[in-house]
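Undergrad: structure for the following, please:
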Amino acid sequence: MGLLFETRASDSPWVASVWTCRSDQVAEMTSVASETWGLVFWEQQGTAYAAVTGPESRTGTAPVPEGAAFVGIQFAVGTSLRAVTTQSLVDSGISLPEVTHRTFWLDGARRETPHPDDAEALVDRLVREGVVVHDRLVSEVLRGHRPAVSDRTLERRFRAATGLTQGAVRQIERARTAAMLLASGEADMDIVDKLGYYDEPHLARALRRYVGRTARQLREGAGGSIALDPAQCTTS
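TA: Numbers count the residues shown, from 1 in each chain. Model prediction:
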């Protein structure tokens, strides 16, 4: 197997998931569109690296080097970095400087590199210091609350917090959910009804744009390695 990819949920309101990945050979992984940003730490051939990853507005491919070990923190929708505009991170990212095997540099301070089981401790410190901030309005709207602000203000807040429009956030979230349901074996038509797609071709277009897989590929675990929660890393 080229990749071993694992993801766990988090009980922190600031964190969507924590993931790890190991590669024993050069591989390519399908990168699924994401409405959230993240921090990723990895080591390869004795050298440590760290980066801020941005939201991804569409699917793509990501090369994974041989012999690399990754730890990633995917943040909750509505969170952002104080020192970096989320809009500047969309479909992009930032390599962090002065990375060692134990520490990295972020927002003017040296910080301890997390392990998979203590990622939330790092996030808690970043929150306490105001390095990571949260627009509660964005997460409340996604949970169905009706805010007492204008549509224009709401759209501005979404763009500031996520780098994306409210519509794009919802479409990506829905496509990821559809992909997970298909991977678990649910039928196309059941997902169309459950998630409010107009019809199966509408679902197929969303999967092609945001996930890079067909419904059949997701159900059969075909098409190569893919980063998707719950993590499924196949190479058929």
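Undergrad: who touches the helix or strand R170 falls within?
TA: R170 is part of helix 166-183 when elements are defined by DSSP states H and E. Defining contact as CB atoms under 8 Å, 6 or more residues apart in numbering, one finds that helix 166-183 is touched by 32-35, 57, 77, 141-142, 154-155, 158, 162, 164, 188, 190-191, 194-197, 203, 206-207, 209-211, 213, 215, 218-219, 221, 228-230, 232. C-beta here means a position set from N, CA and C on the backbone, and glycine is covered the same way.
Undergrad: for this structure, give me the ranges with low pLDDT.
TA: Scanning the chain for pLDDT under 70 picks out 1-2, 26, 229-236.
Undergrad: show me where it has its strands.
TA: Assigned by DSSP state E, the chain shows strands spanning 3-9, 15-23, 27-31, 38-44, 47-53, 60-64, 68-75, 79-81, 93-95, 103-106, 109-112, 132-134, 225-227, 232-233.
Undergrad: for G93, which non-adjacent residue is spatially closest?
TA: Distances taken as CB to CB, 6 or more residues apart in numbering place T53 nearest to G93, at 4.6 Å, with adjacent residues excluded.
Undergrad: isn't L228 up against S34?
TA: No: taking CB atoms under 8 Å as the definition, L228 is not a contact partner of S34, at 10.1 Å.
Undergrad: can I get the strands of the chain in JSON lines with mean neighbour count and distance to Q171?
TA: Formatted as JSON lines, the strands of the chain follow (neighbours: other CB atoms under 10 Å; distance: least, CB to CB, whole Å):
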{"stretch": "strand 3-9", "mean neighbour count": "17", "distance to Q171": "22"}
{"stretch": "strand 15-23", "mean neighbour count": "21", "distance to Q171": "17"}
{"stretch": "strand 27-31", "mean neighbour count": "18", "distance to Q171": "17"}
{"stretch": "strand 38-44", "mean neighbour count": "20", "distance to Q171": "20"}
{"stretch": "strand 47-53", "mean neighbour count": "17", "distance to Q171": "20"}
{"stretch": "strand 60-64", "mean neighbour count": "14", "distance to Q171": "16"}
{"stretch": "strand 68-75", "mean neighbour count": "20", "distance to Q171": "18"}
{"stretch": "strand 79-81", "mean neighbour count": "22", "distance to Q171": "20"}
{"stretch": "strand 93-95", "mean neighbour count": "13", "distance to Q171": "22"}
{"stretch": "strand 103-106", "mean neighbour count": "18", "distance to Q171": "30"}
{"stretch": "strand 109-112", "mean neighbour count": "14", "distance to Q171": "34"}
{"stretch": "strand 132-134", "mean neighbour count": "18", "distance to Q171": "22"}
{"stretch": "strand 225-227", "mean neighbour count": "23", "distance to Q171": "18"}
{"stretch": "strand 232-233", "mean neighbour count": "19", "distance to Q171": "21"}
